[in-house]
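# Here you go, sequence then predicted model.
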Amino acid sequence: MEILMAFLVGGLTAVGVYLMLRPHLIQFLIGFLVLGNAANLLIFTAGRLGSSFPPLVQPSGTVLEPIANPLPQALILTAIVIGFALAAFGIVLFFRAQAVLHTLNAEAMPETLEAAPAPSPVDEVREERT
Amino acid sequence: MSWLLVLPLLIPLSTGILCLVVASRPAQRLLGLLGALGLLAAALALLVQVHQRGIQAVQVGNWPAPFGITFVADHLSALMVLITGVVALVVALYALAEGDQPREQLGYYALSHLLLFGVNGAFLTGDLFNLYVWFEVLLLSSFVLMILGGSKAQLTGGVKYFAVSLLSSILFLVAVGLLYGATGALNMADLATRVGSVAPGLLSALAMLFLGAFGLKAAVFPFFFWLPASYPAPPVMISALFAGLLTKVGVYALIRVFTLLFTQDTAFTHTVLLWVAGLTLLLGVLLALAQGELKRLLSFQLVSHIGYMLMGLGILSPLALAGSVFYALNHMIVIAALFLLAGLLQRLQGTTVLVRMGGLYRSHPWLAVLFLLPAFSLAGLPPFSGFWAKFTLVAAGLQAGQYAIVTVALLVGLLTLLSMGLVFAEAFWKNPPKPLSPSATPPGLVLPVALLALLTLGIGLWAEPLLGLSQAAAQELLEPNRYIEAVLGVSR
């Protein structure tokens, strides 16, 4: 089971990284979602797999062994919520970017600031001499 | 439960929420200032308590340490929170004088305090997964601050910043997941007691993952190109806050994990840190020299000087770590001052492109002095705080026999001076390319810059207290047992 999960995580990571490297921002966002799921599955796998019982104490006080590890599920739940928030913000951000910049291609976006020439003392000396 | 420990979190949070609730602009402005003042006072009280009674820890909800949520304040955290308070107060003063009405109505005060909430949370948390969550808190508020107002430049910078932050978050999450898989713990003190049982090779690999995740946030080599592309885009009251605080959170996280968790194979991990530090220092300052726009130049300087903080961490001696901590504190003040000054110059001349500026020395001589104070401090000239920071690091490097990095550090100091001198020559000395219409400097905008400049001069002249506190912080970092005891209780 762990081996299968390892391949699944690896495959999802490959897909996610490929998509995140594409210049188009929507592809980037989908890549982020895929990569996020890969990370979640990775945490899930890291926290022990296998058939096990929920970590509950019965009224008699006995605990069913082996217990499932509840912590990774809590972590993944948090990570999923945060991932949703980020993705939602990303969609709104890219929507605005499309409206203002008229493109969603990261490579076609204009440079943010004027590429002014750097001041150089040599130039000034030259200017003074001429 | 020690309220002092959670006050630096509660004050910005409640201020942020109140600013969201209270719609009237004057009330928000007042709240913004009061919140920053309260934060500074709470941070000062926290530092005093930590200094007098040792490391403070709080278990939220009284769950015992490895299971509950832990907040810890040692000297490092308390000092970082204190300087965060200083920067927050000064930027709040600047924002009050700037009076950027559209952004204030879009929620500038609420967002900036939520950002402070996230920053302080990251400084005070004692749990690795909570650190991830705090990072997300501060990232989400910083995303919105970055594009607040929605100008073209802000959106382009914001998209880049957003993309890189997502990547670093996932990297961090993966690293935390793998470390949890290897040790079965998330509480940092608990982790520190367990990492010894992890295979050294695996631990080094995890250390590199963390270096990647935090390095992206701290903008070190080779991950720094997003910072100059995005930080100059928003107005200075926002970029000064970012420059002062956000990269330092990454540096803080690096210092924390590389002194508490990854200290088994220092020959490998800390040598990598030294290389990263050297390359960051050198490339940052060289690229800064090639810039023709002031805020972009300052962004590259910001990147370069992150290298100094990593240098101390890489050497890992008491003096070197004290130097790192002192440098981080000093740099928060200096870089915030320089960014605010850039905003002031932009207001006076309508541009931050250096070749189009000039003649400010004749019209505003006091402003020139005010520029030179933080600029010299950045370059490390005595009697400013930057001198003591660099002196400590260089002395520690010489003691440890790391001559290569010391040479780089000294050279970069010189190049920084050259870069700052060029800015001074261009903006203040040379004749303006076109005659300037004389405009007065609003005193409200000069005051915050003057406060920071005097602070760096004051720390430089009277370095003993802050240097002593930094040394106490370094001592605690090198003896993780005290941290572990404070969190897990004496019984272990």
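It's in. Numbering: from 1, shown residues only, chains lettered A, B, ... in the order given.

# Now residue 37: which helix or strand?
Using chain A here. helix A:25-46 (DSSP states H and E).

# Correction: the question concerned chain B.
helix B:25-53.

# The spatially most central residue of chain A: what's it in contact with?
Geometric centre of chain A, nearest residue: residue A:32, 4.2 Å, by CA atoms, centre = their mean. By CB atoms under 8 Å, 6 or more residues apart in numbering or on different chains, the residues touching residue A:32 are A:16, A:20, A:83, A:86-87, A:90, B:166, B:170. C-betas here are computed from N, CA, C, even on glycine.

# gap between it and residue B:158?
16 Å (CB to CB, to the nearest Å).

# name the helices or strands packed onto the helix or strand encompassing residue A:77?
Assessed by DSSP H and E, residue A:77 sits inside helix A:70-101. For helix A:70-101, the packing partners by 3 or more CB pairs under 8 Å, 6 or more residues apart in numbering or on different chains; DSSP states H and E come out as helix A:25-46, helix B:128-147, helix B:152-183.

# To what extent is the spatially closest residue to residue B:280 that is not a sequence neighbour buried, counted in neighbours?
Leaving aside its sequence neighbours, residue B:280 sits nearest to residue B:307 (CB to CB, 6 or more residues apart in numbering or on different chains; 3.6 Å). Here the number of neighbours of residue B:307 (other CB atoms under 10 Å in any protein chain shown) works out to 28.

# Same check on residue A:41?
When counting by other CB under 10 Å, one arrives at 18 neighbours for residue A:41.

# Now do stretch B:249-259: distance to the chain's middle.
Here the centre of stretch B:249-259 is set off from its chain's centre by 11 Å, with CA atoms, centre = their mean, to the nearest Å.

# so residue B:418 touches residue B:289, yeah?
Yes - the criterion here is CB atoms under 8 Å, and residue B:418 meets it with residue B:289 at 6.9 Å.

# What residue in chain B comes nearest to chain A?
residue B:181 (2.7 Å; CB to the nearest CB).

# Now that residue. Nearest residue, chain neighbours left out?
residue A:46 (2.7 Å).

# residues touching the one you found, list them.
Counted by CB under 8 Å, 6+ apart, residue A:46 has contacts A:72, B:177-178, B:180-182.

# who wins for neighbours among these?
residue B:177 (26 neighbours).

# dump the residue contacts of that one.
A:39, A:42-43, A:46, A:72, A:75.

# Tell me the residues on the stretch 101-250 of chain B that lie near chain A, please.
Residues of the stretch 101-250 of chain B lying close to chain A by CB under 8 Å from any CB of the partner chain are B:129, B:132-133, B:136, B:140, B:143-144, B:147, B:150, B:152-153, B:155-160, B:162-163, B:166-167, B:169-170, B:173-174, B:176-178, B:180-182, B:186, B:229-230, B:232-233.

# Of these, keep whichever come out buried.
Neighbour counting by 16 or more other CB atoms under 10 Å in any protein chain shown classes B:129, B:132-133, B:136, B:140, B:143-144, B:147, B:153, B:155-160, B:162-163, B:166-167, B:169-170, B:173-174, B:176-178, B:180-182, B:186, B:229-230, B:232-233 among those as buried.

# want to try a markdown table for the contacts of residue A:46, with distance to residue A:109 and pLDDT as columns?
Compiled in a markdown table, these are given as follows (distance: CB to CB, whole Å; pLDDT from 0 to 100):
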| residue | distance to residue A:109 | pLDDT |
| --- | --- | --- |
| A:72 | 38 | 87 |
| B:177 | 33 | 91 |
| B:178 | 34 | 91 |
| B:180 | 38 | 91 |
| B:181 | 39 | 88 |
| B:182 | 40 | 89 |
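
# which stretches of the stretch 301-450 of chain B have low pLDDT?
For the stretch 301-450 of chain B, applying pLDDT under 70 flags the ranges B:435-440.

# If you tally nearby residues, what's the number for residue 96?
With no chain named, the answer covers chain A. If we define neighbours as other CB under 10 Å, then residue A:96 has 16 of them.

# nope, chain B
19.

# My guess is it contacts residue B:444. True?
Yes - under the criterion of CB under 8 Å, residue B:96 makes contact with residue B:444 at 6.9 Å.

# residues making contact with stretch B:123-134?
A:75, A:78-79, A:82, B:5, B:8-9, B:57, B:69-73, B:77, B:80-81, B:84, B:118, B:121-122, B:169, B:172-173, B:176, B:179-180, B:186-189, B:191, B:249, B:252-253, B:487.

# re earlier: residue B:418 and residue B:289: which is more packed in?
residue B:289 (19 against 15).

# Now do the contacts for the more buried one.
Contacts of residue B:289 by CB under 8 Å, 6+ apart are A:118, B:415, B:418-419, B:422.

# nearest to residue B:16, of those?
Using CB to CB, residue B:419 comes nearest to residue B:16 of the contacts of residue B:289, at 36.6 Å.

# Distance of that closest one relative to residue A:88?
In terms of CB to CB, residue B:419 sits 41 Å off from residue A:88.

# Neighbour count for those two, which is higher?
residue B:419 (27 against 10).

# right, and the more buried one touches residue B:305 too?
No - if you go by CB under 8 Å, residue B:419 and residue B:305 don't touch, sitting 11.4 Å apart.

# is the host helix or strand of residue A:7 up against chain B anywhere?
Element membership for residue A:7, per DSSP H and E: helix A:2-21. Yes - using CB under 8 Å from any CB, helix A:2-21 comes into contact with chain B via residue A:20.

# Report all helices and strands that that helix contacts.
When contacts are defined as 3+ CB pairs under 8 Å, 6+ apart, helix A:2-21 sits against helix A:25-46.

# mind redoing it with 10 Å?
Under the contact criterion of 3 or more CB pairs under 10 Å, 6 or more residues apart in numbering or on different chains; DSSP states H and E, helix A:2-21 touches helix A:25-46, helix B:152-183.

# now for these, which one comes closest to residue B:402?
helix B:152-183 (27.2 Å).

# what's the angle from the closest one to helix A:2-21?
Orientation check (axes from the mean of the first three to the mean of the last three CA atoms, to 10 degrees): helix B:152-183 against helix A:2-21 gives 170 degrees.

# If you count contacts, what does the next helix or strand after helix B:152-183 end up packed against?
Past helix B:152-183, heading to the C-terminal end, the next element that is a helix or strand (DSSP H and E) is helix B:188-194. Helices and strands touching helix B:188-194, by 3+ CB pairs under 10 Å, 6+ apart, are strand B:69-73, helix B:128-147, helix B:152-183, helix B:247-260, helix B:480-488.

# ok, 6 Å please
helix B:480-488 (3 or more CB pairs under 6 Å, 6 or more residues apart in numbering or on different chains; DSSP states H and E).

# in the helix it packs on, what counts as buried?
Within helix B:480-488, the residues scored as buried using 16+ other CB under 10 Å are B:480, B:483-488.

# Adding pLDDT and distance to residue A:58, write these out as CSV.
Below are the buried residues of helix B:480-488 laid out as CSV (pLDDT from 0 to 100; distance: CB to CB, whole Å):
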residue, pLDDT, distance to residue A:58
B:480, 88, 40
B:483, 89, 39
B:484, 88, 35
B:485, 87, 37
B:486, 87, 37
B:487, 86, 33
B:488, 85, 30
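
# Also within reach of chain A: list those from those.
Contacts with chain A within these, counted by CB under 6 Å from any CB of the partner chain: none were found.

# between these, which is closest to residue B:53?
residue B:486 (10.1 Å).

# That closest one reaches residue B:58, doesn't it?
No - taking CB atoms under 6 Å as the definition, residue B:486 is not a contact partner of residue B:58, at 10.4 Å.

# what secondary structure does residue B:63 sit in?
Following DSSP: H, G, I helix; E, B strand; the rest coil, residue B:63 is assigned to coil.

# The one 4 residues further on too?
When states are read from three-state DSSP, the local structure at residue B:67 comes out as coil.

# Check which helices and strands the helix or strand harbouring residue B:399 sits against.
Residue B:399 belongs to helix B:385-400 when assigned by DSSP H and E. Where contact means 3+ CB pairs under 6 Å, 6+ apart, helix B:385-400 is packed against helix B:294-315, helix B:318-349, helix B:365-379, helix B:403-424, helix B:443-461.
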